[in-house]
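Visitor: Fold the following, please.
(one chain, ligands or ions: 1)
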Amino acid sequence: MMRSKVLSLVARAASNRMMSTATKLTTVEVNDKTGIATLTMNRPPVNGLNLELLQDLKSSIDEVEGNKSRGLILTSSSSTIFSAGLDILEMYKPDKDRIRAFWTQLQETWLALYGSSVPTAAAINGHSPAGGCLLATSCEYRVMVPNFTIGLNETQLGIVAPKWFMASFLSVLPQREAERALNQGRMFTTEEALKVGLIDETANSKEEAIEKCVAFIGTFAKVNPLARSLTKQQFRAADLQQLQNERQQDLEKFLFFVNQPAVQKGLGIYLEGLKKKAKKQ
Ligand SMILES: CCCCCCCCCCCC/C=C/CC(=O)SCCNC(=O)CCNC(=O)[C@H](O)C(C)(C)COP(=O)(O)OP(=O)(O)OC[C@H]1O[C@@H](n2cnc3c(N)ncnc32)[C@H](O)[C@@H]1OP(=O)(O)O
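Guide: Got it, this is the predicted structure:
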């Protein structure tokens, strides 16, 4: 959206503007005072990242890039889950065409978020395993509410985090910590995540987490935006380029891996365990 159109909307609207409501799985709200966009995931019950949520996330990121927002805060409408990661139903007994589209969309969404030109922060207001942690670590700053967990738990499911998942994790944690946590499939509590540096701050509520993300983005107020974004992109260029260069191989590797009978069996058992747990509650 052009700046002029944004400004005319500002004149009409009250304090916050809803920039996109066309899709139901994400919303983008731009705060008129700060100029910062809050992108909220809204796919109950657990914000499982299926094809449609990934498509909406990508178009919302594009929208924020296009409307010249001063920053992007990623959060969730759930009171207990940031995102449960990839929707396992996309990978278990998958449809041949859909799973290709799904993984390709995940690549695109990661490239857009990790490579975003605007400052990004995650207000982690709930559990954030695997793909949820990927989204959070693709942002530049993380504020998390207590009593939740975050981490790349792929090995616990008998699957392997691709190199670009590792790249996001490594942009936050030292190699030694990252390698150990990934090998273990470790989920960190909020307190543990703060101690190790996986998150930057804690907050007592989603509102406070968003305020802290706003304060982080505010630290760039006096920095030249072009210089800031080119600097960020140089830091991230190698990771982004690596996936760009290997997108097709990455897709084929994923398809080969996920279709292995042992992997399918493991995913089935894991899903069954989740369902049994849900029934008990
Ligand atoms: C040589 C090198 C080769 C390299 C090759 C690389 C190839 C690539 C390999 C593939 C890599 C793929 C990467 C995947 C990353 C992922 O993101 S996998 C997903 C991991 N996610 C999880 O493990 C989270 C699982 N969920 C939970 O732990 C909990 O649900 C929760 C803590 C998030 C929430 O708990 P609670 O509030 O108690 O809700 P529940 O009752 O557990 O769940 C409600 C409902 O949702 C269903 N559900 C939960 N998570 C998922 C999910 N991720 N996908 C699909 N469905 C999910 C759960 O079953 C319940 O459903 P019902 O209500 O019973 O129907």
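Visitor: show me where pLDDT drops low in the chain?
Guide: Residues of the chain meeting the criterion pLDDT under 70: 1-23.
Visitor: near the ligand, which residues of it?
Guide: 45-46, 48, 80-81, 84-89, 127, 129-131, 153-154, 157, 159-160, 162, 253-254, 257-258, 274-275, 277-278, 281 (C-beta under 6 Å from any ligand atom). C-betas here are computed from N, CA, C, even on glycine.
Visitor: Of those, select the buried ones using a ChimeraX command.
Guide: The buried residues among these can be selected in ChimeraX (16 or more other C-beta atoms under 10 Å) with this line:
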select :46,48,81,84,85,86,87,88,127,129,130,131,153,154,157,159,162,254,258
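Visitor: now, which of the residues of the chain next to the ligand lie within helices?
Guide: Counting by DSSP state H, the residues of the chain next to the ligand place 88-89, 131, 253-254, 257-258, 274-275, 277-278 in helices.
Visitor: Pipe the residues you listed into a markdown table and attach distance to Lys68 per row.
Guide: Shown next, in a markdown table, are those (distance: C-beta to C-beta, whole Å):
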| residue | distance to Lys68 |
| --- | --- |
| Ile88 | 37 |
| Leu89 | 37 |
| Gly131 | 28 |
| Lys253 | 37 |
| Phe254 | 35 |
| Phe257 | 40 |
| Val258 | 39 |
| Leu274 | 41 |
| Lys275 | 44 |
| Lys277 | 44 |
| Ala278 | 42 |
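Visitor: what's the closest of those residues to Val118?
Guide: Gly131 (21.6 Å; C-beta to C-beta).
Visitor: Surely the closest one and Leu86 touch.
Guide: Yes - Gly131 is in contact with Leu86 according to C-beta atoms under 8 Å; the separation is 4.3 Å.
Visitor: what touches both of those two?
Guide: 49, 106 (C-beta atoms under 8 Å, 6 or more residues apart in numbering).
Visitor: ok, Gln156 to Trp164 distance?
Guide: 20 Å (C-beta to C-beta, to the nearest Å).
Visitor: So those two - more neighbours on which side?
Guide: Trp164 (22 against 16; other C-beta atoms under 10 Å).
Visitor: The stretch 1-150 of the chain: strands as residue ranges?
Guide: 16-20, 26-31, 36-41, 71-76, 120-124, 128-129, 141-144, 149-151 (DSSP state E, counting those that start in this stretch).
Visitor: can you redo those as a markdown table with distance to Ser171?
Guide: Putting the strands of the stretch 1-150 of the chain into a markdown table (distance: least, C-beta to C-beta, whole Å) gives the following:
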| stretch | distance to Ser171 |
| --- | --- |
| strand 16-20 | 28 |
| strand 26-31 | 23 |
| strand 36-41 | 20 |
| strand 71-76 | 15 |
| strand 120-124 | 12 |
| strand 128-129 | 16 |
| strand 141-144 | 11 |
| strand 149-151 | 15 |
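Visitor: And those: which comes nearest Cys213?
Guide: The nearest among those, by C-beta to C-beta, is strand 120-124 at 3.7 Å.
Visitor: what are the pairing partners of the closest one, and which direction each?
Guide: Strand 120-124 pairs in its sheet with strand 71-76 (parallel), strand 141-144 (parallel), by DSSP bridges.
Visitor: Extract the CA atoms of that strand and return them as PDB.
Guide: What follows is strand 120-124, C-alpha atoms only, in PDB (Å, rounded to 0.1, in the frame of the first residue of the first chain):
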ATOM      1  CA  THR A 120      11.200  -7.600  13.300                       C
ATOM      2  CA  ALA A 121      10.400  -8.800  16.800                       C
ATOM      3  CA  ALA A 122       8.400 -11.800  18.200                       C
ATOM      4  CA  ALA A 123       6.100 -11.400  21.100                       C
ATOM      5  CA  ILE A 124       6.000 -15.100  22.100                       C
END
